[in-house]
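In: sequence first, predicted coordinates after that:
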Amino acid sequence: EELADTVMAYQPDADRERLLLAYDFAKEKHGTQLRQSGDPYYSHPVRVATLLSSIKLDQATILAGLLHDTVEDCDDVSLEDIERLFGSDVAFLVDGVTKLGQLEYQSEASKQAENFQKFILATVSDIRVLLVKLADRMHNMRTLQYKKKEDSRRRVARETMDLYAPLARRIGLHYVASEMEDLSFEFLNPEAREQILHQLAALDDENKEDLARVRLSIRELMDQNEVQCRIKGRRKEPYSIWRKLEKKSISILEVADIFGFRVIDETVPD
């Protein structure tokens, strides 16, 4: 119901009953399957669909998010069943996500990774297929700690870092790419990440008053000039900091843009 409410809020002509039917279908077909976390398997497609609804994708993409694993993981579901119940557009997307999941990435060489990214982009004829796959990978990364074997965790993290984060960045989903990179970093180099987080906590403490003052100064300047805007503060992610430290051989105190502010205004002239 919550997912349907979210979709209906930005797409009023969406078919509420069809959204609820897809949820029930996924829940029924995944049945007693469990994720390694112990959660019912159907909770995964629901999270994927929720991520897709957060960027206001169309109903067909939300349905594909709910159904994306049914053909591959459920013995009694065919692509024809999906098409009959939910339409050819949804079946096309589910088929695309299934095929994308069957591609195997094995090399860690950066050139190979770049070629594989290009291959995926060339293979995907509808960008919505890639968006479902990115949402699927994002939720898998958020629950990666439940994978029992360390080498499996590292393999998925490496693939995410080399392929899916760059693909997200290529299509403009920078916040998705940043989270994927940082989640991957946690499994690929936990010691370095922990050290950076420790240093960031100290910097946060040290700069708290300055950051509040900067934000207030920007707000006053905008108000004086009657600029309607939102001011967003952000701290650089641990992986992004580590990459800069490695590339430039500097210390964290020499990184100039650990803290930044973004002013989002209403018009181009402003």
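Out: Nice, thanks for sending it over. None of the values given here were measured: they were computed from a predicted structure.
In: in the stretch 51-200 of the chain, where is pLDDT below threshold?
Out: Scanning the stretch 51-200 of the chain with the threshold set as pLDDT under 70 gives 104-111.
In: ok, Asn140 to Lys236 distance?
Out: The gap separating Asn140 from Lys236 is 25 Å, by C-beta to C-beta, to the nearest Å. Every C-beta, even on glycine, is put in place using the N, C-alpha and C of the backbone.
In: what comes up buried for stretch 142-150?
Out: Leu144, Lys147 (16 or more other C-beta atoms under 10 Å).
In: and the strands in the protein?
Out: 229-235, 259-265 (DSSP state E).
In: in its sheet, which strands sit next to the first one, and in what direction?
Out: Put plainly, it is strand 229-235. Looking at strand 229-235 with DSSP bridges, its partner strands are strand 259-265 (antiparallel).
In: residues in contact with Ile127?
Out: For Ile127, the contact set (C-beta atoms under 8 Å, 6 or more residues apart in numbering) comprises Ile171.
In: kindly report the same for Lys236.
Out: Counted by C-beta under 8 Å, 6+ apart, Lys236 has contacts Val255, Asp257, Ile258, Phe259, Gly260.
In: and what of Met138?
Out: For Met138, counting by C-beta under 8 Å, 6+ apart, the contacting residues are Leu51, Val176, Glu179, Met180.
In: can you pick the most crowded of the residues you listed?
Out: Met180 (27 neighbours; other C-beta atoms under 10 Å).
In: any idea how far Leu63 is from it?
Out: Met180 is 24 Å from Leu63, by C-beta to C-beta.
In: same check, this time on Ala4
Out: Taking C-beta to C-beta, one finds Ala4 at 11 Å from Leu63.
In: so for the two, which residue has more residues nearby?
Out: Leu63 (31 against 19).
In: quick one on the thing from earlier: got the contacts of Lys236 as JSON lines, with neighbour count, distance to Leu134 and pLDDT columns?
Out: JSON lines is the format used below for the contacts of Lys236 (neighbours: other C-beta atoms under 10 Å; distance: C-beta to C-beta, whole Å; pLDDT from 0 to 100):
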{"residue": "Val255", "neighbour count": "16", "distance to Leu134": "28", "pLDDT": "84"}
{"residue": "Asp257", "neighbour count": "11", "distance to Leu134": "26", "pLDDT": "83"}
{"residue": "Ile258", "neighbour count": "18", "distance to Leu134": "27", "pLDDT": "87"}
{"residue": "Phe259", "neighbour count": "17", "distance to Leu134": "28", "pLDDT": "87"}
{"residue": "Gly260", "neighbour count": "12", "distance to Leu134": "25", "pLDDT": "88"}
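In: now these in TSV, with distance to Lys232?
Out: Below are those laid out as TSV (distance: C-beta to C-beta, whole Å):
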residue	distance to Lys232
Val255	20
Asp257	14
Ile258	15
Phe259	12
Gly260	9
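In: and which of those is nearest to Gly96?
Out: Gly260 (36.7 Å; C-beta to C-beta).
In: surely the closest one meets Gly233?
Out: Yes. The pair Gly260 and Gly233 passes the contact test of C-beta atoms under 8 Å, sitting 7.4 Å apart.
In: in this structure, which residue sits furthest out from the middle?
Out: Relative to the C-alpha centroid of the chain, counting by C-alpha atoms, centre = their mean, Gln224 is the outermost residue, at 37.9 Å.
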